[in-house]
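J.: Return atomic coordinates for the entry below.
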Amino acid sequence: MQPVRASVVFIIFIGAAAIIISRLFFLQVFEHDFYAALARGQQQVFENIVPERGGIFLTDKNNETTPLAVNKDFPFVYAVPKDIEDGEKTAKQLSEIFGGDEKEILEKLSKKEDTYEVLAQRINEEQVQKIKDLNIKGIAIRNERLRYYPAGSLASHVSGFVGQDEEGVIGRYGLEGFYEKKLRGVVGKLVGEKDARGNILQSFGENKDAAQPGNDLLLTIDPNIQTIVEEKLRDATEKWSIDGGTIIVMDPLTGAIRALANFPNFDLNNYSKVEDANVFANPAVSHLFEPGSVFKPITIAAGLDTKTITPGTTYENTGSVKIGSYTITNVVQEAKGIRTMTEVLEESLNTGVIFVEEKTGQDVFKKYVESFGMNEKTGIDIFGEVPGNISNLSDKRAINYATASFGQGIAITPIEMTMGIAAIANQGELMTPYVVQTIRHADGTEERTQPESKRKVMSSRAANDLIAMMVSVVRNGTGKRAQIPGYTIAGKTGTAQVPNLESRGYSDKDIHTFAGFFPAFDPRVLIFIKLDDPKGVRYAEGSAVPLFREIAEYLITYYAIPPDAPQN
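T.: Residues are numbered from 1 along each chain as shown. Model (predicted):
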């Protein structure tokens, strides 16, 4: 019996040994990579390297740059709650230094289970020194890299700002949003090891994939022009109590934007204090409005380009016109007899552009409105652009086309209207507007934006005829207050009704606009001005037009633009 028992034990031992050997062989040969990776995972530490975000810079006429958005080290104060000995006293001392709520600070100091509580960020050097002088156990100061906007509110809608998401910092609005991928760079990786107790070894960081810094953006926006334009818009706010406003200054031949200002704007460094988030959207590219009479050159362009009319074509102005059951009047309703098309623009006659639209025909008129880009995004490189709404023209009702001829019943953005007028100034070439002149990479190489024509919207012949008519608006018509001795200025006013959102009609509010460019036949500058419901002034010739002249006079001096017309 004894030999049998020994044999059984031996067989069991051999079987167990075979199983163990087989398992070891399987682990070493077939699952070696898996367990090696698992071991490395228990020993290794991975950490992201956050890349330096690219900067945004304004550029003046001499190619000198001014920082608009950069990165800066800011001190912040934090607490290690378990080390705080007297929470109430500490909370009182700190609140007196950086102005925080004493109760909130005490609440954070009382979280003894927490190892880290941020108490205040972006504190100044004076506050840093006062906190250091207190020498409170459990209170410390470190630096953090944050986005900083040196110019405060200057060009705030152009710049945009950064916020936080699950991946860290991300651009919001403006250029920060539009060029997020270009600005943020590529995250790097650090690979290190830890010992059995979890302590980081000194070799940490020897193996790494370097972070790639973001690209810098050099803008077409000139800090000097932007500053002046924002000052003039503030003046308009104080003078006429406007509800809002937009001013765009651009090179009509290239599409380069030299200034873009809106009211109200906001402080980029304190955007979190803004109560109405709608303020962050850029009205120049994202807010639709009915343009009114500033749109009339587009209607005239359709007539001139198709040779349906000439500047000297006449019609009888009776002061009003019947469209079905509707009666449309001019602002000045008394009859003035026979008028030329040039006089239609000079006097901004609604009945005159209705005459042009009817002679041109609905299909042709709509084609030109679309060709001028009034139903599409311009392609400007700023976050949040929306296309215009000309859906009324999908309905063939005569009244819809009649009102559209003088810019009512359709809605567009300020940048669309600006580019439409710029196409006239540029001999019929519709350009793509842009605000980034150069993208500069970390290695020093650069990508420069090349001006781009979207299409030819009218012949040079028709454009020159229309420019001459717009010059006459400034010399003899509603734009007289835009005159500058020695300079030929082309322009068009607009005083548009604002729709009543609670009814199908219009409110008692107005929008005043003026678009002008100079020198008229060799333009260097185009200025578009939109003022929302200015108080105490009835028409654009008393608000937007003199504002245009003030900005134009500055630009003539700034760019040293020589006179192009004899002075009387």
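
J.: Please count neighbours and contacts with C-alpha atoms only from this point.
T.: Noted.

J.: quick one: Thr227 and Ser156 touch, right?
T.: No. Under the contact definition of Cα atoms under 8 Å, Thr227 does not touch Ser156, with a separation of 11.6 Å.

J.: Looking only at neighbour counts, state which of the two leads.
T.: Ser156 (26 against 15; other Cα atoms under 10 Å).

J.: can you give me phi and psi for the more buried one?
T.: Torsion angles at Ser156 (phi, psi; degrees, to the nearest 10) stand at phi -60, psi -40.

J.: Please apply the same query to Val285.
T.: With angles defined as degrees, to the nearest 10, Val285 sits at phi -120, psi -10.

J.: and it, how many residues sit next to it?
T.: Counted by other Cα under 10 Å, the residues lying close to Val285 total 24.

J.: try the one 10 residues further on
T.: If you count neighbours by other Cα under 10 Å, Phe295 ends up with 24.

J.: roughly how far apart are it and Glu447?
T.: Distance of Phe295 to Glu447, given as Cα to Cα, to the nearest Å: 36 Å.

J.: Then Thr308?
T.: In this structure, Thr308 and Glu447 are 45 Å apart, going by Cα to Cα.

J.: can you check Arg147 too?
T.: Computed as Cα to Cα, the Arg147 to Glu447 distance reads 24 Å.

J.: likewise Val332?
T.: Between Val332 and Glu447 the distance, using Cα to Cα, works out to 53 Å.

J.: show me where pLDDT drops low in the chain?
T.: In the predicted model, the chain carries pLDDT under 70 at residues 1-47, 192-208, 568.

J.: Now the residue most central in space within it: closest residue in space, sequence neighbours ignored.
T.: Among the residues of the chain, the one closest to the centroid is Gly174, at 3.1 Å (Cα atoms, centre = their mean). Once flanking residues are discounted, Gly174 sits nearest to Gly160: 4.0 Å by Cα to Cα, 6 or more residues apart in numbering.

J.: mind listing what that neighbour touches?
T.: If you count contacts by Cα atoms under 8 Å, 6 or more residues apart in numbering, Gly160 has them with 171-177, 268, 280.

J.: likewise Ile338?
T.: Contacts of Ile338 (Cα under 8 Å, 6+ apart): 314-317.

J.: neighbour count winner among Thr308 and Glu447?
T.: It is Thr308, of Thr308 and Glu447, that has more neighbours when counted by other Cα under 10 Å, with 15 against 11.

J.: right, and that one touches Gly361 too?
T.: No. Using Cα under 8 Å, Thr308 is not in contact with Gly361, being 9.7 Å away.

J.: Mind giving me the packing neighbours of the longest strand along the chain?
T.: In the chain, assigned by DSSP state E, the strand with the most residues is strand 65-79. Contact partners of strand 65-79 among helices and strands, from 3 or more Cα pairs under 8 Å, 6 or more residues apart in numbering; DSSP states H and E: strand 56-59, strand 117-120, strand 139-148.

J.: Deepest in the core, which of those strands is it.
T.: Per-residue neighbour counts averaged over each of the helices and strands packed on strand 65-79 give the maximum for strand 56-59, namely a mean of 24 (mean count of other Cα atoms under 10 Å).
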